[in-house]
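Novice: sequence unknown, structure follows:
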């Protein structure tokens, strides 16, 4: 439900809930400008390829890399402002207390999900950042340009999942505190 006085202002459920969420939200709004950069370099590629017949070797991989990184970041951004996926058909029909318990269940499942995926992502990072002997060697794309974007994307997946685990922990604590306060009243 939107704020009636200022319709453009999100209600309290669409705002960051804690300091970590505020940092994620602010940083996300800042790095969203990279979408404009991606459009600009894609336009540059089209211009170079079709007007000057001089295609680049770096634009496609860079645009894909930036888009992928922003998409990955979108998960923690959506969680920071409570815009993640939920079954609103059920969620909107139940009482506030039931909603809180559904949130507790959601956060517990989110902890399990992000914890297990963090472990899998850690294994991916190990394989893409280190040789079997333990030397640092970032995996590259294998193209003519050969940037280390695959290793960086895997590192971003791991870091984002770890942050998401912390987010779910904080949200669970806040939700349980909210339930306890309602009981005390």
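Specialist: Cool, got the structure. Bear in mind the structure is a predicted one, so any value in this text is a computation, not a measurement.

Novice: The longest helix along the chain packs against which elements?
Specialist: Longest helix in the chain by number of residues (criterion: DSSP state H): helix 149-184. With contacts taken as 3 or more CB pairs under 8 Å, 6 or more residues apart in numbering; DSSP states H and E, helix 149-184 sits against helix 19-31, helix 59-80, helix 96-129. To be clear about C-beta, it is placed using only N, CA and C from the backbone, and glycine gets the same treatment.

Novice: which stretches of the chain have low pLDDT?
Specialist: 1-13, 183-185 (pLDDT under 70).

Novice: give me that answer again for 50
Specialist: 1-9 (pLDDT under 50).

Novice: shouldn't residue 137 be in contact with residue 127?
Specialist: No. Using CB atoms under 8 Å, residue 137 is not in contact with residue 127; the gap is 10.9 Å.

Novice: Give the buried residues for the longest helix of the chain.
Specialist: 149-165, 167-172, 175 (16 or more other CB atoms under 10 Å).

Novice: tell me the angle that helix makes with helix 19-31.
Specialist: 140 degrees (axes from the mean of the first three to the mean of the last three CA atoms, to 10 degrees).

Novice: contacting residues around stretch 153-168?
Specialist: With CB atoms under 8 Å, 6 or more residues apart in numbering as the contact definition, stretch 153-168 has outside contacts at 20-21, 24, 65, 68-69, 72-73, 75-76, 79-80, 107, 110-111, 114-115, 117-118, 121-122, 124-125, 128-129, 139.

Novice: Try it again at 6 Å.
Specialist: 68-69, 72, 76, 79, 107, 110-111, 114-115, 117-118, 121-122, 124-125, 128 (CB atoms under 6 Å, 6 or more residues apart in numbering).

Novice: Mark which of those are buried, thanks.
Specialist: Counted by 16+ other CB under 10 Å, the contacts of stretch 153-168 give 68-69, 72, 76, 79, 107, 110-111, 114, 117-118, 121, 124-125, 128 as buried.

Novice: With residue 179 as the reference, measure out to residue 99.
Specialist: Taking CB to CB, to the nearest Å as the measure, residue 99 falls 11 Å from residue 179.

Novice: Next: residue 94.
Specialist: Residue 94 sits 14 Å away from residue 179, going by CB to CB.

Novice: Next: residue 88.
Specialist: For residue 88 relative to residue 179 (CB to CB), the value is 21 Å.

Novice: Equivalent analysis for residue 96, please.
Specialist: 10 Å.

Novice: Wait, residue 100 touches residue 179, no?
Specialist: Yes. If you go by CB atoms under 6 Å, residue 100 and residue 179 touch, sitting 5.4 Å apart.

Novice: rewinding a little: just want the angle from the longest helix of the chain to helix 59-80.
Specialist: 10 degrees.

Novice: any idea how far helix 149-184 is from the chain center?
Specialist: Offset of helix 149-184 from its chain centre (CA atoms, centre = their mean, to the nearest Å): 11 Å.
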